[in-house]
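Undergrad: this one's sequence-less:
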């Protein structure tokens, strides 16, 4: 694929933002009319019902713009990859929408995602581990697709979080794609930036609409596939560490949740308020502050991914080891935050807070003799 011009890149970005900004209010009205709302409950941060058809707007906007770009500038070498990415992505979005409406069994969702990963591998988009056989490459490819797809689904736990992280990660994939001449990755990544950014206009705190599983599964799947396309046999610099670094924040959050739930004898598939964002809010950050801090980490790791794409393999591994040690330290610190109701540390912390609360009864006030007023009127009728 020849290098697109700056005007072509700008056209893709502007069209994706415009379509998403236009389609999201339509999805909002449709969701309210059909009562398709996410109700508050255990493990959820919101206290009021919020419509969740925002993912449909993201899928439609992305698909329309990319298909139009493919028709205006056809490229036979990328046609199959484009059809596979869009087709499987829409299929997973439909799966997510059905799950939003009816709550599908977890095993069924995972089975469909594994099937999507197998198709991705079978059509030539795969991991390339040096010295590994095709069997191991297949396992890694499927595990990557399923893992990243679900990572963004799990990350969709606070207003603006999943869409914002997806926009930032997509931007860095765009940069890496341009720098290394992988324009298929660059164009699709920039389209994701536009769709996620356009959706954020209605999804930032306090959110008017959620993307639901339809949107989060779609974003996660497309990003996982684009990260696999980033790898090539020709470039020794583009190690597997580059996409891992760009997507480090959703990987970190998913790892933290799975390990914490396992240590606390909880199911990894049962939703709870134990994600990175929830832990930051628990220690005192406001919701916008927690989301902004996670954005900042995504910006930092994405920038390191761009740097790694220009470094030797040995230097990349040294840098990855440094980042990994920091991630381990932060994981241990965040893991100690008592977010679970059954945590003894949480009980002690709450007791400590109560013990330091001022006595609401003023000790210096003189003793008052109650007046013999008539009983207040009963307003319960």
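TA: Happy to help now that I have it. Here the structure is a predicted model, which is why all the values come from computation and not from measurement.
Undergrad: where does pLDDT dip in this protein?
TA: Counting by pLDDT under 70, the chain contains low-confidence residues at 1, 41-47, 76-77, 130-134, 231-238, 342-381.
Undergrad: all helices for it, in order.
TA: Under the criterion DSSP state H, the chain contains helices at 6-33, 54-72, 76-102, 106-122, 134-155, 161-179, 183-203, 212-229, 241-246, 248-263, 276-282, 287-308, 313-335, 344-355.
Undergrad: a markdown table for the ones you listed, including mean neighbour count and distance to residue 48?
TA: All C-beta spots, glycine's among them, are computed from the backbone N, C-alpha and C. Below are those laid out as a markdown table (neighbours: other CB atoms under 10 Å; distance: least, CB to CB, whole Å):
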| stretch | mean neighbour count | distance to residue 48 |
| --- | --- | --- |
| helix 6-33 | 17 | 12 |
| helix 54-72 | 21 | 16 |
| helix 76-102 | 18 | 17 |
| helix 106-122 | 17 | 27 |
| helix 134-155 | 20 | 22 |
| helix 161-179 | 25 | 18 |
| helix 183-203 | 25 | 15 |
| helix 212-229 | 28 | 16 |
| helix 241-246 | 26 | 34 |
| helix 248-263 | 19 | 25 |
| helix 276-282 | 21 | 18 |
| helix 287-308 | 19 | 14 |
| helix 313-335 | 14 | 28 |
| helix 344-355 | 11 | 25 |
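Undergrad: ok, which of those comes nearest residue 128?
TA: Closest approach to residue 128 among the helices of the chain (CB to CB): helix 134-155, 6.6 Å.
Undergrad: now the angle from that closest one to helix 287-308?
TA: Angle of helix 134-155 versus helix 287-308, following axes from the mean of the first three to the mean of the last three CA atoms, to 10 degrees, is 150 degrees.
Undergrad: packing partners for helix 134-155?
TA: Using 3 or more CB pairs under 8 Å, 6 or more residues apart in numbering; DSSP states H and E as the contact test, the elements touching helix 134-155 are helix 106-122, helix 161-179, helix 212-229, helix 248-263.
Undergrad: circling back to that earlier point, nearest to residue 270, out of the helices of the chain?
TA: Taking the helices of the chain one by one with CB to CB, helix 248-263 is closest: 7.6 Å.
Undergrad: burial count for residue 103?
TA: Residue 103: 9 surrounding residues under other CB atoms under 10 Å.
Undergrad: against residue 156, how distant is it?
TA: 16 Å (CB to CB, to the nearest Å).
Undergrad: with residue 263 instead?
TA: Taking CB to CB, one finds residue 263 at 24 Å from residue 156.
Undergrad: residues contacting the closest residue to residue 219 other than its chain neighbours?
TA: Excluding the flanking residues, the one nearest residue 219 by CB to CB, 6 or more residues apart in numbering is residue 166, at 4.5 Å. Neighbour list for residue 166: 152, 192, 196, 219, 220, 223 [criterion: CB atoms under 8 Å, 6 or more residues apart in numbering].
Undergrad: ok, now which ones touch the last one?
TA: Which is residue 223. 148, 152, 166, 169, 170, 173, 192, 247.
Undergrad: quick one: which of the residues you listed is nearest residue 300?
TA: After measuring the contacts of residue 223 against residue 300 - CB to CB - the closest member comes out as residue 169, at 11.9 Å.
Undergrad: ok so, going back, now the contacts of residue 166 as CSV including distance to residue 300?
TA: As requested, the contacts of residue 166 are exported to CSV (distance: CB to CB, whole Å):
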residue, distance to residue 300
152, 19
192, 20
196, 19
219, 20
220, 21
223, 18
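Undergrad: looking at these, which is nearest residue 24?
TA: Nearest to residue 24 among these, with distances taken as CB to CB, is residue 196, at 11.5 Å.
Undergrad: touching, the closest one and residue 58? I think so.
TA: Yes. Under the criterion of CB atoms under 8 Å, residue 196 makes contact with residue 58 at 7.2 Å.
Undergrad: give me the common contacts of the two.
TA: With contacts defined as CB under 8 Å, 6+ apart, the residues shared by residue 196 and residue 58 are residue 219.
Undergrad: let me see the contact set for residue 330.
TA: Residue 330 touches residue 252, counting by CB under 8 Å, 6+ apart.
Undergrad: residue 292 versus that one, what's the distance?
TA: From residue 330 to residue 292 the distance is 16 Å (CB to CB).
Undergrad: now swap in residue 127 and tell me
TA: Taking CB to CB, one finds residue 127 at 33 Å from residue 292.
Undergrad: same check, this time on residue 104
TA: Counting by CB to CB, the gap from residue 104 to residue 292 is 33 Å.
Undergrad: and what of residue 151?
TA: Distance of residue 151 to residue 292, given as CB to CB: 20 Å.
Undergrad: now do residue 27
TA: Distance, residue 27 to residue 292, using CB to CB: 26 Å.
Undergrad: so which of the helices and strands packed on helix 134-155 gets nearest residue 54?
TA: When these are compared (using CB to CB), the closest one is helix 212-229, at 5.7 Å.
Undergrad: residue 256: which of the contacts of residue 166 is nearest?
TA: Using CB to CB, the contacts of residue 166 come closest to residue 256 at residue 152, 14.9 Å.
Undergrad: residues in contact with stretch 240-250: which ones?
TA: 127, 129, 148, 151-152, 154-155, 165, 169, 172-173, 176, 220, 223, 227-228, 230-231, 251, 294, 297-298, 301-302, 304-305, 308-309, 316-317, 320, 323, 327.
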